[in-house]
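[1] Just the structure for this:
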Amino acid sequence: MISAAEYARRRRELMRMAGEDAVLILAAAPERMRNADAPWPYRQDSDFHYLTGFDEPEAVLALLPGRAHGETVLFCRERDAERERWDGERMGTDRAARELKLDDAFPIDDIDDILPGMIEGRARVYCHFGQEPDFDSRLLGWMRRLRTARGGGVVPKDLVALSHLLHDLRLFKSRDELALMRRSAEVAGAAHVAAMAMARPGVAEYEIEGEILRTIRSRGAVPAFPPTIAGGANACIMHYQANRATLKAGDLLLVDAGAEVDCYASDITRTYPVDGTFRPEQRALYDIVHEAQLAAIDAVRPGRAFADSHREAVRVIATGLCALGLLKGGVERVIADGTYKAYFPSKTGHWLGLDVHDVGDYRIDGEPRVLEEGMVLTVEPGVYIPPNDKSVPERWRGIGIRIEDDIAVTKGAPEVMTAMVPKTFP
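    This is a model prediction of the structure:
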């Protein structure tokens with residue numbers, strides 16, 4: 001669990017980075033409808049959660065560095081017994097200010113009267129302009145009103161992307177964030193083990209999906225994303241989502257699923273034979289992917305570039321595919337001309353945190369970002385031979401394999417947070 005004191009430290013650091021002539025404004029995620037009057041389960045905006053831990057919609061956070069009457073202000077819904085009877089308890093302004101360690105909180109219905117005055121006199125507004133059009137329109141309306149009412153007074157001249165400051169902070173996980181991510185990994189790991197126990201010929205992909213979702217929810221978590229349950233050639237579809245086919249003897253099953261605990265995600269992929277036995281071609285490709293993943297994980301160390309992990313995986317996979325005769329021309333050539341991408345079209349990993357594909361730059365001034373302690377990323381090489389690829393013998397076609405783990409960068413050897421899920425099979 002993240003403490004209110006940690007959220008407060010994050011806000012202070014963000015304000016320090018922005019400077020005392022700035023105002024930072026961030027809106028909560030709106031409620032979204034699935035269809036008609038059926039809403040999606042509410043999930044707070046990741047940046048808003050990172051700065052507040054507040055999990056309700058209809059809220060706005062204003063950070064005002066150096067303001068004498070309070071630097072951190074929340075606008076949120078007031079308590080309302082009638083609405084709470086329908087929608088559940090609200091925190092309310094008094095409790096929000098006290099429990100979230102904010103300087104003040106006001107009713108969201110009063111924001112038009114209060115927030116414009118807080119903006120006045122600041123040089124810059126940091127915000128997520130372009131993310132939520134309705135809120136963008138409201139913010140611009142406040143600034144137009146200020147110019148009109150004050151006769152050209154001091155109104156911020158610049159709208160600056162808040163992500164430039166905030167997302168670099170989010171890239172480095174605290175001790176408590178890492179603890180939540182380990183818990184998320186444990187939950188997802190249990191779901192994968194349950195799927196392995198259930199997988200056999202004749203079982204439908206959606207039955208495996210149901211067991212994964214049951215396991216995640218039974219542990220108090222939610223899925224971090226819709227699981228991919230891909231039997232046979234379906235595994236060659238990178239983002240397969242149908243989950244409707246029946247598993248067949250002789251096929252591999254690729255399962256990509258993760259959990260979310262207090263908004264922090266895990267992301268795990270395993271591939272294994274439906275009937276417990278690899279065919280020779282499946283085993284040959286699986287061993288290549290497994291070796292590539294081990295080499296890529298070993299490169300996740302402080303001082304190494306983020307891209308090093310991918311380079312290690314590419315070399316192992318290119319070498320293996322050339323040895324099997326699936327790629328022609330020699331290892332150096334297929335790497336240089338990108339021929340390997342026919343069977344390994346993706347990157348080897350991504351940042352992980354409050355979002356599955358978490359925020360953070362992969363390059364700094366055109367150069368690959370150097371890994372530092374506290375970063376968390378996935379390592380997920382794969383080989384996918386399309387079922388219609390006539391350039392290889394038929395026995396290789398329709399095999400898709402991916403192995404993915406969640407890795408924390410430490411002072412020394414990488415921490416494999418998802419090591420509880422087997423990835424070596426007879």
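[2] Could you name the helices and strands sitting against the lowest-mean-pLDDT helix or strand in the chain?
    Here the helix or strand of the chain ranked lowest by mean pLDDT, DSSP states H and E is helix 133-149, holding a mean of 86. Judged by 3 or more Cβ pairs under 8 Å, 6 or more residues apart in numbering; DSSP states H and E, helix 133-149 is in contact with helix 111-119, strand 124-127. For glycine as for every other residue, the C-beta is placed from the backbone atoms N, C-alpha and C.
[3] winner for burial among those?
    Greatest average neighbour count among those goes to strand 124-127 (a mean of 22), per mean count of other Cβ atoms under 10 Å.
[4] ok so, going back, who's in contact with the least confident helix or strand of the chain?
    25, 27, 30, 112, 115-116, 119-120, 125, 127, 129-130, 153, 155-156 (Cβ atoms under 8 Å, 6 or more residues apart in numbering).
[5] try stretch 52-62
    With Cβ under 8 Å, 6+ apart as the criterion, stretch 52-62 contacts 2, 4, 7, 23-31, 42, 44, 48-49, 51, 72-77, 90-91, 96, 100, 108, 111, 115, 118.
[6] What's the ChimeraX line that selects buried ones from the residues you listed?
    In ChimeraX syntax, the buried subset of these is picked out as below (16 or more other Cβ atoms under 10 Å):
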select :2,7,23,24,25,26,27,28,29,44,48,49,51,72,73,74,75,76,77,90,91,96,100,108,111,115,118
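[7] that older thread, for the contacts of helix 133-149, work out which two are farthest apart.
    Longest distance between any two of those is 31.1 Å, between 30 and 153; criterion Cβ to Cβ.
[8] which sections of this protein are below the confidence cut-off?
    Filtered on pLDDT under 70, the chain yields the residue ranges 150-153.
[9] all helices of it, in order?
    Ranges of helices in the chain, per DSSP state H, are 4-18, 46-52, 81-87, 93-99, 111-119, 133-149, 163-170, 175-198, 205-218, 280-298, 306-323, 331-336.
[10] May I see the buried residues of the last one?
    Using 16+ other Cβ under 10 Å as the burial criterion, the residues of helix 331-336 that qualify are 331, 334-335.
[11] picking up where we left off before, need the winner for burial among the helices of the chain.
    Ranked by mean neighbours (mean count of other Cβ under 10 Å), the helices of the chain are led by helix 46-52, with a mean of 23.
[12] got a list of contacts for stretch 331-347?
    238, 310, 313-315, 317-319, 321-322, 326-329, 380-385, 389.
[13] Actually, stretch 276-288.
    Residues outside stretch 276-288 that contact it (Cβ under 8 Å, 6+ apart): 250, 252, 271, 273, 316-317, 320-321, 324, 383, 385, 395-396, 399, 401, 425-426.
[14] Now, these that are in strands?
    Counting by DSSP state E, the part of the contacts of stretch 276-288 found in strands is 252, 271, 273, 383, 385, 399, 401.
[15] And the last one, how close does it get to residue 389?
    Residue 401 sits at a distance of 15 Å from residue 389 (criterion: Cβ to Cβ, to the nearest Å).
[16] More neighbours: which of those two?
    Set residue 401 next to residue 389 and count neighbours by other Cβ atoms under 10 Å: residue 401 wins out with 24 against 17.
[17] list the contacts for the more buried one?
    Neighbour list for residue 401: 235, 252, 254, 271, 282, 285-286, 289, 382-384 [criterion: Cβ under 8 Å, 6+ apart].
[18] and with 7 Å instead?
    252, 271, 285-286, 289, 382-383 (Cβ atoms under 7 Å, 6 or more residues apart in numbering).
[19] next one: residue 101
    Counting by Cβ under 7 Å, 6+ apart, residue 101 touches 4-5, 8.
[20] any idea what sits nearest the residue minimising distance to the centre of the chain, other than its immediate chain neighbours?
    By Cα atoms, centre = their mean, the chain has its centre lying nearest to residue 356, at 1.8 Å. The spatially closest residue to residue 356, leaving aside those adjacent along the chain, is residue 265, at 4.7 Å (Cβ to Cβ, 6 or more residues apart in numbering).
[21] thought that neighbour was touching residue 223?
    No: using Cβ atoms under 7 Å as the test, residue 265 is too far from residue 223 to be in contact (9.5 Å).
[22] quick one: which of those two has more around it?
    The residue with more neighbours, out of residue 265 and residue 223, is residue 265; 29 against 19, by other Cβ under 10 Å.
[23] residues contacting the closest residue to residue 99 other than its chain neighbours?
    Leaving aside its chain neighbours, residue 99 sits nearest to residue 4 (6.4 Å; criterion: Cβ to Cβ, 6+ apart). Neighbouring residues of residue 4 by Cβ under 7 Å, 6+ apart: 53, 99-101.
[24] 10 Å instead?
    By Cβ atoms under 10 Å, 6 or more residues apart in numbering, the contact set of residue 4 is 52-53, 98-102.
[25] Kindly report the same for residue 235.
    Taking Cβ under 10 Å, 6+ apart as the criterion, residue 235 is in contact with 228-229, 251-256, 269, 271, 382, 384-385, 398-402.
[26] quick one: residue 223 from residue 92, how far?
    Residue 223 sits at a distance of 30 Å from residue 92 (criterion: Cβ to Cβ).
[27] Over to residue 378?
    Using Cβ to Cβ, residue 378 is found at 39 Å from residue 92.
[28] go on, residue 261?
    Residue 261 sits 26 Å away from residue 92, taking Cβ to Cβ as the criterion.
[29] Just want to know which of those two has more residues nearby.
    Using other Cβ under 10 Å as the criterion, residue 261 and residue 92 rank with residue 261 on top: 24 against 17.
[30] My guess is that one contacts residue 223. True?
    No: at 11.2 Å, residue 261 does not count as touching residue 223 under the criterion of Cβ atoms under 10 Å.
[31] Which residues are in contact with each of those two?
    With contacts taken as Cβ under 10 Å, 6+ apart, the residues that reach both residue 261 and residue 223 are 187-188, 216.
[32] Any idea what the residue nearest to residue 356 is bridged to?
    residue 260 (DSSP bridges).
[33] dump the residue contacts of it.
    Applying Cβ under 10 Å, 6+ apart, we find residue 265 in contact with 46, 180-181, 184-185, 188, 221-225, 258-259, 352-358, 376, 378, 406.
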